[in-house]
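K.L.:
Sequence and predicted structure, then a few things I'm wondering about:
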Amino acid sequence: MNQYDSQVARGLLEAEGYQVVSEDEENQTLKGADSQIAGNLGAPGVDVVLMNTCSVREHAEDRVYGRLGMLGKEKKSHPNLVIGLMGCMVEEHKEKLFKRFPQLDFMVGTRNIKEIPALIEEVWHYRKQVARIKQDGLSIEYTEFIKRTSPFHAWLPIMTGCDKVCTFCIVPITRGSEVSMPAREVYREASRLAGEGVKWITLLGQNVNSYHGETLSAGAPEHQSTRKLTGDGCAGAPVTFPKLLDMLCQIEGLEMISFTTSHPHDATEELFQVIAKNPKISRRFHLPLQSGSDRVLKRMKRLHTYQAYKAKIDRLRMLVPDIAITSDIITGFPGETERDHEATVNALKEIRFDGAYIYKYSVRPGTPAAKLGDDIPRSVKAIRLRELLNLQSQITEKIHRSWIGNSARVFIEELNPKNSLQLKGRLSQDKKVVFEGSPQWVGSFREIEITGLHHETFLGKEKRLETGLGGVGVDLTSPPQTAWKNR
Ligand code: SAH
């Protein structure tokens, strides 16, 4: 979501005549420590530094505080430097940050991104700290000004906020309650993107599979922001996430649709059926488990037991045998015993995720779990984290090795930035592949054979089929297929 918002901010600023340099671009030349990056960003010639922030974990916030400190020093020698913040930290801390960081000039909330150019003007004009933070509504801006990094892939936010009450999570505080973009708006934007040549879209939402883009049976209570967006507020059936996926699969030119992040509670049979019947839907399903212990899951208010979660995964794997399932795990949640931790270890062994993001628990102010204290010592969290990471990386590697020798359909995204003789692409399972081929294939799909593995990236070679005419050729007519070996 932050990447999407940054792309919108960049597009809007460029449309106003700004020259925008992203930190990634800086890193490519600097490859340096934070201080170098901030120092360089604050160097003469740079007028504005804008940071997009995340508050999901403490670590992400700490890094922003560190950089604000460095930029504050920089500002002493370049007093005209304008420093701005966007993203969830703005929603969380609001104007309080101005007091703590007098070097901060402006803050823009997740629902006010369009106002960034105007805010910068205001700072220049009045030289005072300004904030624009709208309290509720949809924090999505569909705009053709967006500056995507790829011509073929686009993020497409479809809902924001979350109505779940996971006790560790700050998202309901920062992003508010769930609001869905009306289905017709999503369809229109996806069609526009397809018209621009986008082949792969990733639908985004803090709780994406609880999307409910009702546009609205007559007389039904209408969400304020929905009314604004639909314009006419006319009647229509509620559109659930599976229905939306089905609709988007009809768009010509769009070849692959992925989505993130899903909650197990809203991972329904209907959704699994829609995935099974639509080869356009990515064969990666990211479904955070968080813990293998029912005791912890209950204290997290996750609304599922381990067995209920496992049953859903079993069902999905039965319906979609080539699905790659990934997950999120939190280790060291308050009160997590050695036995609870063992339950998570066993869950990883039993489910065998294709990959998992594993995090140490950090207290988020204002969340229900903040009242539980943070009683697991850092050193214990670190040991548990290491054990889970090691285990998961062994499982991931084993699964990836079992792919070697398989054929797979790959979407070619770009020339490999590390070796321009190679192409770089992604499988429907969202796994990376590099292989040799023609630069003209960028933006298209190709059948390849997986020949090896380098860390988590597959090595491949173009699959040539005997034509029967004495030559070799590439089969472009075969349906998407991924041979699958047992895990
Ligand atoms: N559904 C959300 C999840 C965002 S947070 C969304 O897509 O926006 C991503 C992951 O961060 C969560 O699944 C959880 O594993 C982890 N996380 C959230 N709060 C955390 C906390 N307080 N400490 C550690 N990890 C946390």
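P.N.:
Received the coordinates, thanks. Numbering: from 1, shown residues only.
K.L.:
Return the set of residues that bridge with the nearest residue to residue 421 once chain neighbours are set aside.
P.N.:
The shortest distance from residue 421 to any non-neighbouring residue, by Cβ to Cβ, 6 or more residues apart in numbering, is to residue 436 (6.3 Å). Just so you know, the C-beta spots here come from the backbone N, C-alpha and C atoms, and that holds for glycine as well. On the basis of DSSP bridges, residue 436 is bridged to residue 422.
K.L.:
Quick check, residue 391 in contact with residue 351.
P.N.:
No: between residue 391 and residue 351 there is no contact under Cβ atoms under 8 Å: 11.6 Å.
K.L.:
Of the two, which one has the most company?
P.N.:
residue 351 (20 against 16; other Cβ atoms under 10 Å).
K.L.:
Once you drop chain neighbours, what's closest to that one?
P.N.:
residue 313 (5.9 Å).
K.L.:
Residue 87 now?
P.N.:
Once flanking residues are discounted, residue 87 sits nearest to residue 53: 3.8 Å by Cβ to Cβ, 6+ apart.
K.L.:
and the helix or strand hosting residue 59, what other elements does it pack with?
P.N.:
Element membership for residue 59, per DSSP states H and E: helix 58-77. With contacts taken as 3 or more Cβ pairs under 8 Å, 6 or more residues apart in numbering; DSSP states H and E, helix 58-77 sits against helix 34-41, strand 48-53, strand 82-87.
K.L.:
Can you flag the weakest of these by average pLDDT?
P.N.:
Mean pLDDT per stretch puts helix 34-41 lowest among the helices and strands packed on helix 58-77, at a mean of 44.
K.L.:
I'd assumed residue 187 was in contact with residue 239.
P.N.:
No: Residue 239 is beyond contact range of residue 187, at 9.4 Å (criterion: Cβ under 8 Å).
K.L.:
of the two, who's got more company?
P.N.:
Higher neighbour count among residue 239 and residue 187: residue 239, with 21 against 18, using other Cβ under 10 Å.
K.L.:
Now do that one, the pLDDT please.
P.N.:
What the model reports as pLDDT for residue 239 is 95.
K.L.:
so how far does stretch 451-461 reach from one end to the other?
P.N.:
7 Å (Cα to Cα, to the nearest Å).
K.L.:
List the buried residues in it.
P.N.:
Neighbour counts over stretch 451-461 (16 or more other Cβ atoms under 10 Å) mark 458-460 as buried.
K.L.:
With stretch 343-357 instead?
P.N.:
343-344, 347-348, 351, 353-356.
K.L.:
Say whether the ligand is contacted by it.
P.N.:
No: against the ligand, stretch 343-357 shows no contacts by Cβ under 6 Å from any ligand atom, the least distance being 6.6 Å.
K.L.:
For my notes, please list the buried residues of stretch 343-357 in TSV and give pLDDT and secondary structure for each entry.
P.N.:
Listed next are the buried residues of stretch 343-357 as TSV, based on pLDDT from 0 to 100; DSSP: H, G, I helix; E, B strand; the rest coil:
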residue	pLDDT	secondary structure
343	98	helix
344	99	helix
347	99	helix
348	98	helix
351	98	helix
353	98	coil
354	98	coil
355	98	strand
356	98	strand
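K.L.:
Can you name the residues of the stretch 351-487 of the chain sitting close to the ligand?
P.N.:
Contact residues (Cβ under 6 Å from any ligand atom) of the stretch 351-487 of the chain with the ligand: 359, 361-362, 364.
K.L.:
The chain too?
P.N.:
Counting by Cβ under 6 Å from any ligand atom, the chain comes close to the ligand at 56-57, 168-169, 171, 206-207, 261, 288, 290, 328, 330, 359, 361-362, 364.
K.L.:
how about the helices in the stretch 101-250 of the chain?
P.N.:
For the stretch 101-250 of the chain, applying DSSP state H, counting those that start in this stretch gives helices covering 116-126, 171-175, 183-195, 224-230, 241-249.
K.L.:
lowest-confidence stretch among these?
P.N.:
Ranked on mean pLDDT, the bottom entry among the helices of the stretch 101-250 of the chain is helix 224-230, at a mean of 38.
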